[in-house]
Each structure stands twice: as C-alpha cells, then as structure tokens.
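Enquirer: Sequence and predicted model, in that order:
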Amino acid sequence: MGKINGCIKCLFIFFNVLFAIIGCGLIYGAVKTTAYSSQFSAVGGPNLAWSWVFAIGVLGISSLGIYAGCSENYLALKIFAGFMAVGMIIMLIFGIVVVVMRNKMKDAFHSTSSEAVQPYMADNELREMLDEIQQSIHCCGLVSAQDWGSTIPQSCECQSSGGNQTHGGSVVTGCKSRPQGTTGPSQIYKQTCSDFIFVWFNIIYQLFMGFCFTFAVTALLGLLISILMIHQVKRYDRAGRPTIAMKGY
C-alpha cells in the first residue's frame, strides 16, 4: 500500500501528464510563431519570447509533478507545491498585464497616424500581409490609404460606390476616390483595416486572458492537491516510525 491515496495519486499523475502534453504543444506553437514575433510586437502585441519561457516551464513543472506523484517523494512534492504557488501568482499577474496591454493597443489603433505607420510599411513582409488582408476583408490601408505612399495597390480597388453590401462574407462600407497625387485604382475602399485587425487581436488577447486565468485556477487546484499529498506522506512516515521503549531506572 502506498503513502498516498490511490485515486488522488492517479488523478494527480493524469493531469500532470496532460499538462506535459500541453507543454510540448506550446513549444511547437512557440517554434511556429517565432517568425512573426517582430510583426506582432510592432502593433502592440506581447513579446512572444515569453511563450518559450512559459512552454518550457509548463513542461518542466509537469515532469516534476509526474516524478513526485510516482515516487511519492516528500521533497519533490514540496518543491512542486512551491512552483504551483509561484505559478498561480505569475499567471494572475500575466492576466492583469494582458488586460492592460489590450487597452493600450486599442488606444494605439485609434490614435496612430499615417506618419507613424510609415516605418512599419517599409517592411516587405508586413506590406504583403496587409495586401492579403485587404483582398480578403475589403479595406484599404492600416489607418488610411496614404499608408501605401504614392502607389495604391490593386487590392484596395472598390467595385461599387453604393451603400453597404456583402461581398465574399465581408461587409463593404462603400467606396471613395483615391487620394490626389497617387496612382492605382480610381475607386478604393473607405474602410481602413485597423478596425478589422483590432478585432482579430482582441480575440487573441481574450484567449491569452482566458489562458492565464485558467492556469491560475489550475495552479491553485494543483497546490491544494499537492498539500493534501504532502500531508498524507508525512502522516504515513510518522505512523511508520518505530516506537522507542523508555527504560525505567
């Protein structure tokens, strides 16, 4: 018979194996998103380098939990409980930071001028990405058509000057003439892409917030279970100590 209740031990190990798999998935996701780290940070997104720290931390702590549960090691369980307490606090802090960054990014999207966008528009990858967005959701420019400089791309071309219409699943909000002194389509979309892009980033931020607060709650549960397991190991060790007979003099 082990030191820890069998059901609690199996449940503890199961969830740590599950989070170890999640950690591996996070590492894979970090590898895939590293290439877009600079573009994401440029528009107010969080630094994706932290995703590596978080992914490796989840995998490492889960591995420690698996070892602690299987070995019923008192010290390993205490270390795991300490990581759970620290992790819960960190996840709460990260969740609050993500909320603040989301609000800052929202203000940046609504206050950014075309002049401020120009350094980012010099990046060919960002230009290509914006061009693809314009083709799919029917908008023009990040904050205005002048973001493209003197040459407006063909993806800004608007086919109708009437009111709102639905085209390809996107709402077209009407057309306007291209800015004077520029070349390209004579009619371009009135709607800029910043509102659409913010909707996407807002979804990402909401996922981050849900992710952080979910992990905070999970860390709290892990802390409580590990404390219970530590108590059971300590009680078993005390019960197993030999009784020393007192000598009478």
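Expert: Structure's in. What do you need?
Enquirer: Mean confidence (pLDDT) on the helix or strand harbouring residue 101, please.
Expert: Per DSSP states H and E, residue 101 falls inside helix 74-111. Averaging pLDDT along helix 74-111 gives 86.
Enquirer: same check, this time on stretch 126-137
Expert: 84.
Enquirer: for it, which positions count as buried?
Expert: For stretch 126-137, burial by neighbour count (16 or more other Cβ atoms under 10 Å) applies to 126, 130, 133, 134, 137. Where C-beta positions appear, they are placed from N, C-alpha and C, glycine not excepted.
Enquirer: In CSV: those residues, plus secondary structure and distance to residue 27.
Expert: Below are these laid out as CSV (DSSP: H, G, I helix; E, B strand; the rest coil; distance: Cβ to Cβ, whole Å):
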residue, secondary structure, distance to residue 27
126, helix, 26
130, helix, 30
133, helix, 29
134, helix, 34
137, helix, 32
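Enquirer: What is the nearest of the residues you listed to residue 179?
Expert: Nearest to residue 179 among those is residue 134, at 15.6 Å by Cβ to Cβ.
Enquirer: all helices of the chain, in order?
Expert: For the chain, applying DSSP state H gives helices covering 6-33, 37-42, 49-71, 74-111, 114-121, 124-137, 194-239.
Enquirer: So which residue is smack in the middle of the protein?
Expert: In the chain, the residue lying closest to the centroid (Cα atoms, centre = their mean) is residue 208, at 3.9 Å.
Enquirer: leaving aside the residues next to it on the chain, what's closest to it?
Expert: In this structure, residue 208 finds its nearest non-sequential neighbour in residue 98, 4.7 Å apart by Cβ to Cβ, 6 or more residues apart in numbering.
Enquirer: likewise residue 83?
Expert: residue 61 (5.0 Å).
Enquirer: Would you mind confirming that residue 140 is in contact with residue 196?
Expert: No - using Cβ atoms under 8 Å, residue 140 is not in contact with residue 196, being 11.3 Å away.
Enquirer: When the two are compared, which one has more neighbours?
Expert: Remark: of residue 140 and residue 196, residue 140 carries more neighbours, 28 against 18, as counted by other Cβ atoms under 10 Å.
Enquirer: separation between the more buried one and residue 130?
Expert: 10 Å (Cβ to Cβ, to the nearest Å).
Enquirer: what residues do the two have in common as contacts?
Expert: Residues touching both residue 140 and residue 130 by Cβ atoms under 8 Å, 6 or more residues apart in numbering: residue 193.
Enquirer: Domain map for the chain?
Expert: Under the assignment automatic domain parsing, the domains of the chain span 6-111+197-238, 114-196.
Enquirer: Considering the ones you listed, which stretch scores lowest in mean pLDDT?
Expert: Mean pLDDT values for the domains of the chain show the minimum at domain 114-196, a mean of 76.
Enquirer: what's near enough to touch residue 236?
Expert: Contacts of residue 236 were listed using Cβ under 8 Å, 6+ apart, and they are residue 3.
Enquirer: And it, how far from residue 2?
Expert: Distance of residue 236 to residue 2, given as Cβ to Cβ: 8 Å.
Enquirer: try residue 78
Expert: Taking Cβ to Cβ as the measure, residue 78 falls 18 Å from residue 2.
Enquirer: Please apply the same query to residue 86.
Expert: Distance, residue 86 to residue 2, by Cβ to Cβ: 28 Å.
Enquirer: Which one's more surrounded, those two?
Expert: residue 86 (14 against 10).
Enquirer: Report the spatially nearest residue to residue 52, omitting neighbours in sequence.
Expert: Closest to residue 52 by Cβ to Cβ, 6+ apart is residue 30, at 5.0 Å.
Enquirer: That neighbour against residue 57, yeah?
Expert: No - between residue 30 and residue 57 there is no contact under Cβ under 8 Å: 11.7 Å.
Enquirer: The two: which has the busier surroundings?
Expert: Taking other Cβ under 10 Å, residue 30 and residue 57 do not tie; residue 30 has more neighbours (19 against 16).
Enquirer: Right, I'll leave it there.
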